[in-house]
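Visitor: Let me see the structure of the following:
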Amino acid sequence: MIQLQAPFTEDKIRSLKVGDMVEISGIVYTGRDAVHKWLHEGNEPPVSLRDGIIYHCGPVVLKKKGKWVVTAAGPTTSTREEPYQAGIIEKHGLRAVIGKGGMGEKTRLACQKFGCVYFHAIGGAAQVLAESIEEVESVYMLEKFGSPEAIWQLRVKSFPVVVTIDAHGNSLHKEIEAESAQKLSGLMAAIKK
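Guide: Sure thing, here's the model as predicted:
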């Protein structure tokens, strides 16, 4: 297990490769559809995302004794952000994106060019992942977008992920897609005989 500690530098990110299991410690920002579209439209984020990590997540957050507490923090399907992600990586200098299900070719190429990785978080483990969140440091755009779509600034410790797109152009998603297409082609040929 590789320990990735803030600050998230390009050198640290480029040292990772597809298949690496990583535990992240430091600040992670959530951002889903509304935030990605809003940034894509040219709006400036309320906090610098440079050398940061954005997590495709709409956390369940409650206020307890005057403090925000995350009770569930599972990943959102990342392909919804594919139209926006490459441009946001380039413009805002992101070092990593966390989500589930992978991303497309534009994001893969942006990761390679700008020194970013895509981390896959475990779907269906929202409460377990929330245990890695030490603190909600701040929230932005809550009034504008509502709780699930707001930008939550989370301090995480040992947040578990797997690199599935690295900064060298490799994509586990692309490899699996190619293998599946090859197997399907073989099965279809066998059926036709």
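
Visitor: wait, residue 170 sits on residue 17?
Guide: Yes. Counting by CB atoms under 8 Å, residue 170 does reach residue 17; the two are 6.8 Å apart. C-betas here are computed from N, CA, C, even on glycine.

Visitor: what's the closest residue to residue 172 other than its chain neighbours in contact with, if anything?
Guide: Of all residues not flanking residue 172 in the chain, residue 164 sits nearest, at 4.2 Å (CB to CB, 6 or more residues apart in numbering). By CB atoms under 8 Å, 6 or more residues apart in numbering, the contact set of residue 164 is 18, 102, 118-120, 171-173.

Visitor: what does residue 33 give?
Guide: With CB under 8 Å, 6+ apart as the criterion, the residues that contact residue 33 are 80-81, 149.

Visitor: quick one: it and residue 5, what's the gap?
Guide: Distance of residue 33 to residue 5, computed by CB to CB, to the nearest Å: 30 Å.

Visitor: And residue 23, by the same measure?
Guide: Applying CB to CB, the value for residue 23 to residue 5 is 9 Å.

Visitor: what about those two, which has more around it?
Guide: residue 23 (16 against 11; other CB atoms under 10 Å).

Visitor: mind listing the strands for the protein?
Guide: Counting by DSSP state E, one finds strands in the chain at the ranges 2-5, 21-30, 53-55, 60-64, 67-72, 96-99, 117-120, 133-140, 151-165.
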